[in-house]
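[1] this is the structure alone, sequence omitted:
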């Protein structure tokens with residue numbers, strides 16, 4: 001009985017050893033491979049106004065994949081703006097922050113393609129924070145009697161991070 005348990009334990013150990021070797025096998029580059037996304041930016045990105053920012057998309061495959069981007073579901077050409085610096089043989093690009101960059105706000109997706117197929121990244125939402133502005137409105141004074149209740153409406157603009165609203169009186 002002890003011999004059977006010992007043999008069973010050795011068999012299980014050998015099985016896991018062979019399994020770990022199989023997981024560690026790297027496919028040689030000479031073998032044709034579908035593109036696979038290996039690195040990408042986070043799903044939601046917000047940056048200060050004074051920094052350049054990078055949107056990453058890296059992939060491997062054989063033959064070497066080519067990269068295309070969409071913004072808000074439409075094709076996005078990395079050469080469309082001189083502030084965009086693309087990396088060779090990569091989908092990663094840098095948007096240089098020189099002034100107004102709100103036109104870069106949107107939802108991006110990277111596609112890595114070769115003759116065998118296409119890999120698609122997760123959606124990367126780029127949010128460019130701005131100073132929230134309350135809409136201009138004229139509020140008429142309210143006359144209420146002492147002890148009466150009144151409702152004061154406030155519809156603040158959205159902001160990143162979410163705004164904290166405080167009420168003040170004169």
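    Looks like it came in fine. Given the structure is predicted, the values throughout are model-derived calculations rather than measurements.
[2] return the helix or strand in this protein with minimum mean pLDDT.
    Least confident helix or strand, the chain: helix 2-24 with a mean of 60, by mean pLDDT, DSSP states H and E.
[3] looking at residue 100 now. What's its pLDDT?
    Model confidence at residue 100, expressed as pLDDT, equals 76.
[4] give me the neighbour count for it.
    Counted with other CB atoms under 10 Å, the burial measure for residue 100 works out to 9 neighbours. For every residue, glycine as well, the C-beta is placed using N, CA and C.
[5] and if you look at residue 53?
    By other CB under 10 Å, 18 other residues sit near residue 53.
[6] surely it meets residue 85?
    No - Residue 53 is not in contact with residue 85 according to CB atoms under 8 Å; the separation is 11.3 Å.
[7] overlap in contacts of those two?
    Listed as contacting both residue 53 and residue 85 by CB atoms under 8 Å, 6 or more residues apart in numbering are residue 94.
[8] list phi and psi for the nearest residue to residue 144 once chain neighbours are set aside.
    The shortest distance from residue 144 to any residue that is not its chain neighbour, by CB to CB, 6 or more residues apart in numbering, is 5.1 Å, and that residue is residue 150. When quoted as degrees, to the nearest 10, the phi and psi of residue 150 stand at phi -150, psi 150.
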